[in-house]
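Novice: model this:
(2 chains)
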Amino acid sequence: AQTVTQSQPEMSVQEAETVTLSCTYDTSENNYYLFWYKQPPSRQMILVIRQEAYKQQNATENRFSVNFQKAAKSFSLKISDSQLGDTAMYFCAFMGQGAQKLVFGQGTRLTINP
Amino acid sequence: DAMVIQNPRYQVTQFGKPVTLSCSQTLNHNVMYWYQQKSSQAPKLLFHYYDKDFNNEADTPDNFQSRRPNTSFCFLDIRSPGLGDAAMYLCATSNGNRGHNQPQHFGDGTRLSIL
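Specialist: Just a heads-up that it's a prediction; the model follows:
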């Protein structure tokens, strides 16, 4: 079974700083998908960024980018120029090829301080 | 805007009293999911529907049931809620017709309290 591990339960940075959230996973599959979801306090969970395992190029969405290291089974999220609105719980998630289900990590609570 | 809508946002019920949570979507997605999320934890998948096909997770208690009368609506029924069932319940959808591994779109959730 696949597992996803987020080793940082909480992080805190100052506004405008860059922050990197860690995620590792375990799978025997070669093709799969990885996601980062953001869940602000009392608000809905939204997709931040998505990476296909067969693509070597790291995904980027505006201030959000990933460092995907397939051999190391690592999928970290970098937030550049952090903003107060980035304060949220961040979940790393895995989906196997042909699957419809997400396997979530434990989450990292990120706080951006003014 | 197309979205996933959960009603109510907050639900209070009594220990042992059946309760139903609802989810509707305007995305026309064929896959719908129900998750249970306890404080500061990851969402835990209870079950999902792929079209009309119901897929239950092995560790979902029998106390939890679901109905999907049509594409747009999905219900979560808790037959005899216990104190341990107090949680946020999240509904999500995805477009399985576009192939596998599509992102899931989440509703705001219903926070269930048990008295």
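
Novice: Just the strands from the chain, written as ranges.
Specialist: Chain wasn't specified; assuming chain A. A:3-5, A:10-14, A:19-21, A:24-26, A:32-39, A:46-52, A:60-61, A:64-69, A:74-79, A:88-96, A:103-104, A:108-113 (DSSP state E).

Novice: wrong one, chain B
Specialist: Counting by DSSP E, the strands of chain B are B:4-7, B:10-13, B:19-25, B:31-37, B:44-50, B:53-56, B:64-67, B:73-78, B:87-94, B:105-106, B:110-114.

Novice: Please spell out the segments of chain B that come in under the pLDDT threshold.
Specialist: Low-confidence segments of chain B, defined by pLDDT under 70: B:1-2, B:97-101.

Novice: again, 90 this time
Specialist: For chain B, the stretches with pLDDT under 90 are B:1-2, B:39-40, B:95-103.

Novice: I'd like to know which residues of it are adjacent to chain A.
Specialist: Contacts of chain B with chain A, taken as Cβ under 8 Å from any Cβ of the partner chain, map to B:4, B:31, B:40-43, B:45, B:48, B:50, B:55, B:90, B:92, B:94, B:96, B:100-101, B:103-109. C-beta: built from backbone N, CA, C; applies to glycine.

Novice: Write the ChimeraX selection for whichever of these are buried.
Specialist: Buried residues within these, by 16 or more other Cβ atoms under 10 Å in any protein chain shown, are selected in ChimeraX with:
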select /B:4,31,42,43,45,48,90,92,94,96,101,103,104,105,106,107,108,109
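
Novice: how far away is the spatially most central residue of chain B from B:Q41?
Specialist: Centroid-nearest residue in chain B: B:W34, 2.7 Å away (criterion: Cα atoms, centre = their mean). Distance, B:W34 to B:Q41, by Cβ to Cβ, to the nearest Å: 16 Å.

Novice: for B:Q25, same thing?
Specialist: For B:Q25, the distance to B:Q41 (Cβ to Cβ) stands at 24 Å.

Novice: Please apply the same query to B:K52.
Specialist: Taken as Cβ to Cβ, the span from B:K52 to B:Q41 is 30 Å.

Novice: do the same with B:A92
Specialist: In terms of Cβ to Cβ, B:A92 sits 16 Å off from B:Q41.

Novice: Tell me where the model's unsure across chain A.
Specialist: For chain A, the ranges with pLDDT under 90 are A:1-2, A:30-31, A:41-44, A:55-56, A:96-101.

Novice: Can you dump the C-alpha atoms of stretch A:68-80 in CSV for me?
Specialist: Taking Å, rounded to 0.1, in the frame of the first residue of the first chain, the C-alpha atoms of stretch A:68-80 are listed here in CSV:
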residue,chain,number,x,y,z
PHE,A,68,9.9,16.3,-7.7
GLN,A,69,12.6,13.7,-7.1
LYS,A,70,11.3,10.4,-8.4
ALA,A,71,14.2,8.2,-7.4
ALA,A,72,14.1,9.6,-3.9
LYS,A,73,10.3,9.5,-3.8
SER,A,74,10.2,13.1,-2.7
PHE,A,75,7.8,15.8,-3.6
SER,A,76,8.4,19.1,-1.9
LEU,A,77,6.3,22.3,-2.3
LYS,A,78,8.0,25.7,-2.5
ILE,A,79,6.1,28.9,-1.9
SER,A,80,7.8,32.0,-3.0
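
Novice: Go through that stretch and flag the buried ones.
Specialist: By 16+ other Cβ under 10 Å, the buried positions in stretch A:68-80 come out as A:F68, A:K73, A:F75, A:S76, A:L77, A:K78, A:I79.

Novice: Reformat those residues as a markdown table; add distance to B:Q14.
Specialist: Formatted as a markdown table, the buried residues of stretch A:68-80 follow (distance: Cβ to Cβ, whole Å):
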| residue | distance to B:Q14 |
| --- | --- |
| A:F68 | 48 |
| A:K73 | 46 |
| A:F75 | 43 |
| A:S76 | 45 |
| A:L77 | 42 |
| A:K78 | 47 |
| A:I79 | 43 |
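
Novice: Sounds good, over and out.
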